[in-house]
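1. I'd like to go over a predicted model; first the sequence, then the structure.
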Amino acid sequence: MCDQPVTNTKEVKWQKVLYKRQPFPDNYVDRRFLEELRKNIYARKYQYWAVVFESSVVIQQLCSVCVFVVIWWYMDEGLLAPHWLLATGLASSLIGYVLFDLIDGGEGRQKSGRTRWADLKSALVFITFTYGFSPVLKTLTESVSTDTIYAMSVFMLLGHLIFFDYGANAAIVSSTLSLNMAIFASVCLASRLPRSLHAFIMVTFAIQIFALWPMLQKKMKACTPRSYVGVTLLFAFSAFGGLLSISAVGAILFALLLVSISCLCPFYLIRLQLFKENIHGPWDEAEIKEDLSRFLS
Amino acid sequence: MACRGGGDHVKLPSPPLSSVNPGSFATCPTSFHNICMVSDFFYPNMGGVESHIYQLSQCLIQRGHKVIIVTHAYEDRKGIRYLTNGLKVYYLPLKVMYNQSTATTLFHSLPLLRYIFVRERVTVVHSHSSFSSLAHDALFHAKTMGLHTVFTDHSLFGFADVSSVLTNKLLTVSLCDTNHIICVSYTSKENTVLRAALNPEIVSVIPNAVDPTDFTPDPCKRHGSITIVVVSRLVYRKGIDLLCGIIPKLCQKYQNLNFIIGGEGPKRIILEEVREKYELHDRVRLLGALEHKDVRDVLVQGHIFLNTSLTEAFCMAIVEAASCGLQIVSTRVGGIPEVLPENLIVLCEPSVKSLCEGLEKTILQLNSGALPTPENIHNIVKTFYTWTNVAQRTEKVYELVLSEDVLSLNERLDRLISHCGSVTGHMFALLAVLNYLFLIFLRWIIPDSLIDIAVDATGPRGAWTHHYPHSEKRDDNEKVSETR
């Protein structure tokens, strides 16, 4: 094998074939070894500000959670009248509903084929049921210790943030799970409020901020990116302000978190791209690029 | 293995090369070795690795070596079995975890394997397949015991997803102190060298082989119309989705075209759907699972063999088909371009369009009579890959390995720490030390000198060729099971 001296190596050129008996030892390493190796062929080049823009989805969701908790705190302390929150919530929902259709000129509605009557019906059904069940929600967790409720809410809100669909194509993403966790957290927190009307309004508000608001955001981001950036900034500042009125330390930490996510993380992402070593070669499993479903359906 | 079909439906194939007598070999081995093949995959399971181990062992036995095989128990097939020519197989009582691969704790198999290595006087431990945890366990223990180790990698692996990152790390650990590695194709060698960060000098390329006497052409079995044969497991990695696009496209274009598809798997359902939708029941035959001995009878019915694999280290199927005299159309993936010369194979990109073009070109050549006759193709292919050649080359690897020193525990720990990264390296160095202590403990409980030496069925003093009194042999077998 390798200890056999090969005399005629120079005349015969090594070929990358198996069917020929070649005058080379089996462990011969040719100059062509690994010549088909390719690195980072699918690596993407990122622009700093584009990444910052994309990070706004995360910022928005963090702010949503923050605003939700701040509002709950105000309600719990009795500083915020439930009627006022209901009125503001309903008004902003109506504005959002109109905007939702205005932004893309009614295209999305035509595509989905959903009528306004259907929207109204679902809204009514939801509000009636939540209102009817709010006394149950209020007493549901009475036997559970308040500390447990807080801990559970924290975990649920964290879960909401983890599983939320930020637009990444990953196995961990599940918008249903994420929404359910947020609603569960809101039910937990609502049950600690003084009256059942509070609980009803809190859950309605949770639906607005965790279910409806991200849908509007998504559309705004796709159609009017400029206004989306404005809205994100405004939302972030209001969340910061709200938190500041409760705890200065918390507000500063929150602001640091937002800044690091929107500015530092993109910077690191781009820096770390330099170290990327993605190896490709003939051993990779081939991908079927065509659409083969037409042969089946 | 990700897509291994478990298959106990297959019987043992006929003994290979029974007509070949050892004296006819060009070179005779200078010394004889005691080789232990280890893999989770062996008969009654069926596949490329299984037949590779079996055929290689048989050829090594014919060349005078002592060979034993160690695998895990398959249902009621447990204990010790003797196959053709006294090939002894240990079916160890280990728990199967996933796809016929055993669960591993890295330590629990040491007592059993040590016993086998000692009583069989093993000098070289040869593990097969990176998917087999038993193979890696055996390498680990053999190194602890100071035995020489060889590893054969039969498959390709990517680098992109999390599972391959983890498996590649484990492979790095397992192979960093293995004496020599064998790969089945040059592409496979490149892949393994990259995955396990190896020095390419310790990796040899020895292709698989096909017994040409099992795969002979028989043109009178062909029917008048053109038949395309596909024999593979019906799984995603074999590109069955592509096949579903090819069948309707070609059947609509050529009225005298038939398909025969052998094999079983989860993708069978979509083939049936396609057959249903395009009403091709009389033109597309789905044969289901094939026994290895029936493959040849299916192959000879066709004119063209189609392989749509998306990844393949060597692809025995196309060699078998070519040996039966079929023209091959295949995807250009993995090691396939290395396997057959250009005039015997049409290589296409892995897409329906490209494969259809390749098939149409071949059909055109077939109709015009431009293709070589099956007899000619067989005569060319039968010289390419033979098990005797594989055995000779593997034997050279054994000789090389035996001339090297096995790393001492010190050197082994150094290698692990310096080669596998600080965290993994230190972790596995610790495990290696624990394994060594465990071995010392076992040696204290039962010293090597108290372990019986097994009867050599094969090898230089092989009992197989002698006439043993029946009762005596059975006594010995009973003793074997008691001592275990």
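-> Looks like it arrived, so ask away.
2. wait, residue B:215 touches residue B:296, no?
-> Yes - the criterion here is Cβ atoms under 8 Å, and residue B:215 meets it with residue B:296 at 5.3 Å. Heads up, the C-betas are built off the backbone N, CA and C, glycines and all.
3. so for these two, which residue has more residues nearby?
-> residue B:215 (22 against 18; other Cβ atoms under 10 Å in any protein chain shown).
4. if we can go back for a sec, what residues are shared contacts of residue B:215 and residue B:296?
-> B:320, B:324 (Cβ atoms under 8 Å, 6 or more residues apart in numbering or on different chains).
5. give me the distance between residue A:160 and chain B.
-> Remark: distance between residue A:160 and chain B (Cβ to the nearest Cβ, to the nearest Å) = 24 Å.
6. near chain A, which residues of the stretch 251-400 of chain B are found?
-> B:270, B:273-274, B:277, B:310-311, B:313-314, B:331, B:333-335, B:337-341, B:350-353, B:384-385, B:393, B:396-397, B:399-400 (Cβ under 8 Å from any Cβ of the partner chain).
7. give me the buried subset of the residues you listed.
-> Among these, those buried by neighbour count (16 or more other Cβ atoms under 10 Å in any protein chain shown) are B:270, B:274, B:310-311, B:313-314, B:331, B:333-335, B:337-340, B:350-352, B:384-385, B:393, B:396-397, B:399-400.
8. quick one: contacts for residue B:138?
-> Residue B:138 neighbours (Cβ under 8 Å, 6+ apart): B:36, B:38, B:70, B:109, B:113, B:125, B:127.
9. format those as TSV; extra columns: neighbour count and distance to residue B:187.
-> Listed next are these as TSV, based on neighbours: other Cβ atoms under 10 Å in any protein chain shown; distance: Cβ to Cβ, whole Å:
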residue	neighbour count	distance to residue B:187
B:36	26	28
B:38	33	25
B:70	27	29
B:109	23	32
B:113	25	32
B:125	28	26
B:127	29	21
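10. confirm that residue B:305 sits in a helix.
-> No - using DSSP: H, G, I helix; E, B strand; the rest coil, the secondary structure at residue B:305 is strand, not a helix.
11. can you tell me which of the buried ones among the residues of the stretch 251-400 of chain B next to chain A end up in strands?
-> Counting by DSSP state E, the part of these found in strands is residue B:331.
12. so for the closest residue in space to residue A:185 that isn't next to it in sequence, what's the pLDDT?
-> The spatial neighbour of residue A:185 that comes closest, neighbours along the chain excluded (Cβ to Cβ, 6 or more residues apart in numbering or on different chains), is residue A:156 at 3.7 Å. pLDDT for residue A:156: 96.
13. right, and residue A:156 touches residue A:179 too?
-> No - using Cβ under 8 Å as the test, residue A:156 is too far from residue A:179 to be in contact (11.0 Å).
14. now do the shared contacts for those two.
-> Joint contacts of residue A:156 and residue A:179 (Cβ under 8 Å, 6+ apart) do not exist.
15. gap between the helix-or-strand element of chain A with minimal mean pLDDT and the chain center?
-> Using mean pLDDT, DSSP states H and E, helix A:107-112 stands out as the lowest-scoring helix or strand of chain A, at a mean of 81. From the chain centre to the centre of helix A:107-112 is a distance of 24 Å (Cα atoms, centre = their mean, to the nearest Å).
16. what does stretch A:247-255 give?
-> Per Cα atoms, centre = their mean, the centroid offset for stretch A:247-255 relative to its chain is 23 Å.
17. up against chain B, what does chain A have?
-> A:1-3, A:16-19, A:25-27, A:29, A:33-34, A:36-37, A:278-290, A:292, A:295-296.
18. where does chain B dip in pLDDT?
-> Along chain B, segments meeting pLDDT under 70 span B:1-30, B:459-484.
19. report the longest helix in it, please.
-> Counting residues, the longest helix found in chain B (DSSP state H) is helix B:422-445.
20. so for that one, what gets flagged as buried?
-> So for helix B:422-445, counting by 16+ other Cβ under 10 Å, buried means B:424-425, B:428-429, B:432, B:435-436, B:438-439, B:442.
21. the stretch 151-297 of chain A: strands as residue ranges?
-> Secondary structure of the stretch 151-297 of chain A (DSSP state E, counting those that start in this stretch): strands located at A:279-280.
22. what about the helices in it?
-> If DSSP state H, counting those that start in this stretch is used as the criterion, the helices of the stretch 151-297 of chain A fall at A:175-190, A:196-207, A:213-223, A:225-246, A:248-259, A:265-273.
23. so can I have TSV of those showing mean neighbour count?
-> Listed next are the helices of the stretch 151-297 of chain A as TSV, based on neighbours: other Cβ atoms under 10 Å in any protein chain shown:
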stretch	mean neighbour count
helix A:175-190	20
helix A:196-207	23
helix A:213-223	17
helix A:225-246	16
helix A:248-259	14
helix A:265-273	13
